[in-house]
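> Sequence and computational prediction follow.
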Amino acid sequence: MSVLIEATAPPAAEPARRPWRSFLRHRMGVVGAAMLLIALVVAVAAPLLAPYDPYATVRVNILDIYQAPSGAHLLGTDDGGKDVLSSLIYGARVSLIVGFAAAAIALVIGGLVGIVAGYRGGWIGSLLMRITDFFLVIPDLALQIVLVAIIGPSLGTIILVIGALGWTTTARLVRSQTLTVRERKYVMRARAIGAGDAHILRRHIMPAVLPLMLANMVLVISLAILSESTLAFLGLGDPTVISWGQMLNFAFGRGAVSAGAWWALLPPGFAIVWVVLGTTLLGTALEDALNPRLKRHHLEAPGGDVARDREATPLLPPATDAASPILRVSDLTVEFDSPGGPLRAVDHVSFDLRRGETLGLVGESGSGKTTTVLGILRLLPPGGRVVGGSVWFDGEDLLSLDGRALRSFRWTRLSLVFQGAMNAMNPVRTIGDQIAEAIRLHAPETSKQQAAGRAGDLLERVGIGRRRAGEYPHTYSGGMRQRAMIALALACDPDVIVADEPTTALDVMIQAQILDLLGGIARDFGMGIILVTHDLGVVAQVCDRIVVMYGGEVAEENGAAALFASPQHPYTQQLLLSFPDVAHPDRALRGIPGSPPRLDAMPPGCRFAPRCPHAFDRCAVERPPAYATPAGGRAACFLLDPAEEHRP
Amino acid sequence: MMDPLLRVENLVKEFPGRRSFVDWVRRRPARPVRALDGVSFELRAGEVLALVGESGSGKTTTGNLLMGLLPASEGRVVLAGDDVGRLSGRGLQRLRRRTQMIFQDPYESLNPRMTVADIVAEPLRVHRVTASADELRARVERALTSAGLTPVAAYLRRHPFELSGGQRQRVVIAAALALEPSLIVADEPVSMLDVSIRAEILNLLSALARDQGIAVVMITHDLSTVAAYADRIAVMYLGRIVEHGPTRAVLAHPRHPYAQALLSVVPVPDPTTRRRPVILRGETPDPSRIPSGCRFHPRCPVAFDRCPMVDPPLFEVGPDHEAACLLHEAGGSG
């Protein structure tokens, strides 16, 4: 038995220690860990570090009380004539023991409640979460005071009370993570394999929950230490042990303020701040590194979405007459910020769209087709920037418009049909209303009746019918919503519609209906359409001209008939061979070995070279420019270089 | 004639419908959603059957019933002599070893925290197939090799995020192969992958069927992806198989008007093929309100007077080729 269809081996190993790395990038976290570590060392080595034993009984001499810092007592003495520094060092033990022990209790309770509530769900889950909510809203401190006062202050009581009241945040965190993981496909797959709950909990839920609990634990520790100090300061600490809160309590209660003995007050206060700050910094950094949902957008762009090198931009608009293209994209280049430097998602992409023409922008994932249209529309996500090129729309450079001009431009001349039509509609307003609003927004002189009438006409045109204008989006099926979305795009009679994967999530029959509709609109309204898709079949059916993209570049461009009849770029050729065709079911499909390049690992020469069957040495080092093809288009491949010796 | 590995007999699945407020006010019971309404087919070892249909056709429900993930309301699924619906406990565990499922989304169906070795070993561990670490490792390596992930050593310690979509789907396939199943249900196995990757995964699945004798049920909405790979095609509409036959016969001469329409709208990557697409109006009706008679008649371009009255069974229209349309009654040609 041998199967000769092999995947290409993945690129060189990259250590999978991303959480650790992203933690180290967090300097504050490292500082916090160091602060906590110092406190731990001090607590463990207290007998070695403390110059005196604060637990030893000494006779109090009136002269020893509140002595200012000196060589013998570096931080002076307290109300009992004891060395403040020694008490401070021993106090670290109590504070940290309470912190860790209480956090352990809180974590066990919170973890159990969270996992059971998240995994079992149902009424048990609801009940547990209501209990959690109850504990969350009652003021912790008040309850702690009452409980400790009733049970009697001892170290054990304090730990128990703080732990038993501090588990709510953990429970909520763990529950939500458990819920997310439980719904994951890989858990469903494990069930289909036949795995039981124990297996799923152990292998899938726990590994996802534990790191979060670790990060959460650090924060719970800091809260517990703070609670202990507060209780001790209020006189509810264990009277037999020395803790920082206790020190403050005694100092305040026994005249340190009137004696001006700042040295009895400041050091314990400082110690509490030190440990709480350290744990908080550490906890925040851990949470950032381990909890993916909290990850901030380090991609946030500092400036706008356009940062072109002015000198490189041709500022002369192309000639504008009836025959000239309505949209001319030249050398459009888009970059995304990333921790490793800017990544170029679109690299010198150029094409024209003529009036009334339907242009297909085809490519696989990562080809930059969607980024290209988002760059044209100036709708790049945060972190994305147009760094070069120009977009001329009927004599105007879209990239130099300001926000206001851009907004008025967008729907009236250039509008958009998204992939996820379901999410593009406001669920609490009727479809007719939303279309009428778009009309009135861009043409304020339209009366409400006129706008509503026009919205009805548009719904009629896209095959929905005006009688459904008063319905809400949720009553529409997927195909109907996409039709409504097209009606919305038509609202202001634009010159160009950009449709980004308009049929991807739809059934074949609905797809045929939508494509038929788009084709009809292009014909009736003389509108230019840019159809962005991965589906060569779709472009073959509806497009006049096709731009094939690969790795952020235009690989080939030509008229639809010529491109399919005689593809020139090896990528186009291979892609056509891997595309199934019901008209020729006997043709074996070939697929292209390897996978499309990643943005952070673009081949230095031709982007397609690593997967290209015709690649030769030049392809690996040099980027091919666009050459004219015998078929009347252009393609970026050295095989088409008239000066190239190496030709098939 | 070899006994079929899988026999599906008159499978019906009803889900309790949701009672609307109006129903509640009028004291009407909720309408059940009839997701499957009498589906039968057989599958031999090493055969690839494509279940093709749009959303609401019942193809995914069929897959879940084959896997024993849902109980059938009526009818039986018989796998190598065992009635899947009657299995429980150990029997169900054994069934799970013999049937494996490949899910649509390779990005979601792998646990990002596990290595490839752990993912492929998971089913072996769940079923306690072997106590020996060496044998476990050998079986994991064999599964990875069968899935085309070689050299095996380059993949074992990887995490899913380090792999491309195609490689991930191969890991999913390797995990399914680890238990050496006799039936694989592949639910839209390539729809999330790039076109240039799809052919390889489909080639792999059909090679597994051919070389290892695994029966494959491929569930898809896309006729074109199965054209070159399936031995037989069953076209589903509203919980029924409306046409069923050898792939070539169904694609060359579809006999049911729905299959004809569906085939006519599949995009073909060739602008010179000017076909006459039959674009049906409207959408597949709600499975809680299945039309009377032939369930396709309200959208059928060639419906006639008897269609709303008679619910057509599958009529033979060619060798091993059946269609549920009154035009083909008594073996006549429509």
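Yes, it's here. Just so it is clear, the structure is predicted and the values come from calculations on it, not from any experiment.

> Count the residues that sit near the nearest residue to A:Ser595 once chain neighbours are set aside.
Using CB to CB, 6 or more residues apart in numbering or on different chains and skipping the chain neighbours, the partner closest in space to A:Ser595 is B:Ser164 (3.7 Å). For the C-beta atoms, the positions are set from N, CA and C on the backbone; glycine is no exception. Number of residues near B:Ser164 (other CB atoms under 10 Å in any protein chain shown) recorded here: 21.

> And for B:Arg248?
B:Arg248: 14 surrounding residues under other CB under 10 Å.

> again, but for A:Gly403
9.

> got the contact list for the residue in chain A positioned nearest to chain B?
For chain A and chain B, the shortest gap (CB to the nearest CB) falls at A:Gly537, measuring 2.7 Å. Contact analysis of A:Gly537 by CB atoms under 8 Å, 6 or more residues apart in numbering or on different chains lists A:579, A:581, B:224, B:266-269.

> Using ChimeraX, define a selection of the buried residues within these.
Selecting only the buried entries of these in ChimeraX, with 16 or more other CB atoms under 10 Å in any protein chain shown as the criterion:
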select /A:579,581 /B:224,266,267,268,269
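
> which outside residues touch the worst-scoring helix or strand of chain B on mean pLDDT?
Sorting the helices and strands of chain B by mean pLDDT, DSSP states H and E puts helix B:21-25 at the bottom, at a mean of 76. Where contact means CB under 8 Å, 6+ apart, the residues beyond helix B:21-25 that reach it are B:28-31.

> What is the three-state secondary structure of the residue of the stretch 201-334 of chain B found nearest chain A?
Closest to chain A within the stretch 201-334 of chain B is B:Pro267: 2.7 Å, counting by CB to the nearest CB. Following DSSP: H, G, I helix; E, B strand; the rest coil, we place B:Pro267 in the coil state.

> Do I have it right that A:Thr502 meets A:Leu531?
Just to correct that, residue A:502 is Pro rather than Thr. Yes - A:Pro502 is in contact with A:Leu531 according to CB atoms under 8 Å; the separation is 7.3 Å.

> okay, and the common contacts of the two?
A:Leu518.

> CA-only coordinates of stretch A:490-503, as PDB, when you get a sec.
Coordinates of each C-alpha in stretch A:490-503 appear next as PDB, following Å, rounded to 0.1, in the frame of the first residue of the first chain:
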ATOM      1  CA  LEU A 490     -27.200  50.400  -5.700                       C
ATOM      2  CA  ALA A 491     -29.000  53.000  -3.500                       C
ATOM      3  CA  CYS A 492     -26.900  56.000  -4.600                       C
ATOM      4  CA  ASP A 493     -26.500  54.900  -8.200                       C
ATOM      5  CA  PRO A 494     -22.700  54.400  -8.000                       C
ATOM      6  CA  ASP A 495     -20.400  54.100 -11.000                       C
ATOM      7  CA  VAL A 496     -18.600  51.100  -9.600                       C
ATOM      8  CA  ILE A 497     -19.500  48.300  -7.300                       C
ATOM      9  CA  VAL A 498     -16.900  46.200  -5.500                       C
ATOM     10  CA  ALA A 499     -18.200  42.800  -4.600                       C
ATOM     11  CA  ASP A 500     -15.900  40.900  -2.200                       C
ATOM     12  CA  GLU A 501     -16.700  37.100  -2.400                       C
ATOM     13  CA  PRO A 502     -20.400  37.900  -2.700                       C
ATOM     14  CA  THR A 503     -21.500  34.300  -3.100                       C
END
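
> buried sites along it?
Those would be A:490-503, for stretch A:490-503 by 16+ other CB under 10 Å.

> Now B:Thr220. Its backbone dihedrals?
When read as degrees, to the nearest 10, the backbone of B:Thr220 gives phi -160, psi 160.

> who's it bridged to?
B:Val52 (DSSP bridges).

> Correct me if wrong: B:Ile173 contacts B:Ile102.
Yes - using CB under 8 Å, B:Ile173 is in contact with B:Ile102, at 6.0 Å.

> where in the stretch 151-300 of chain B is pLDDT low?
B:274 (pLDDT under 70).

> change it to 80
B:271-276 (pLDDT under 80).

> Show me the helices in it, by range?
B:165-177, B:195-212, B:223-227, B:247-252, B:257-265 (DSSP state H, counting those that start in this stretch).

> cool, and the stretch 1-150 of chain A?
Here the stretch 1-150 of chain A has its helices, by DSSP H, counting those that start in this stretch, at A:18-25, A:27-44, A:46-49, A:84-120, A:122-137, A:140-151.

> just the ones you listed: most buried one?
Sort those by mean neighbour count, taking mean count of other CB atoms under 10 Å in any protein chain shown, and helix A:84-120 sits at the top with a mean of 23.

> rewinding a little: with distance to A:Ala208 added, can I get the contacts of A:Gly537 in a markdown table?
Shown next, in a markdown table, are the contacts of A:Gly537 (distance: CB to CB, whole Å):
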| residue | distance to A:Ala208 |
| --- | --- |
| A:Phe579 | 38 |
| A:Asp581 | 43 |
| B:Ser224 | 38 |
| B:Val266 | 41 |
| B:Pro267 | 40 |
| B:Val268 | 44 |
| B:Pro269 | 42 |
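
> now, which of the contacts of A:Gly537 sits nearest B:Leu5?
B:Ser224 (27.0 Å; CB to CB).

> Wait, a helix at A:Leu332?
No - secondary structure of A:Leu332 (three-state DSSP): strand, not part of a helix.

> Now do the contacts for it.
Applying CB under 8 Å, 6+ apart, the residues near A:Leu332 are A:346, A:348-350, A:372, A:375-376, A:386, A:388-391.

> 6 Å instead?
A:346, A:349, A:375, A:389 (CB atoms under 6 Å, 6 or more residues apart in numbering or on different chains).

> what about the last one, neighbour count?
The tally of other residues near A:Gly389 (other CB under 10 Å) stands at 24.

> ok, which residues in the stretch 151-300 of chain B are in contact with chain A?
Residues of the stretch 151-300 of chain B lying near chain A by CB under 6 Å from any CB of the partner chain: B:154, B:159, B:162-164, B:166-167, B:170, B:194-196, B:199-200, B:203-204, B:207, B:211, B:223-225, B:227-228, B:251, B:265-271, B:273, B:277, B:279-280, B:283.
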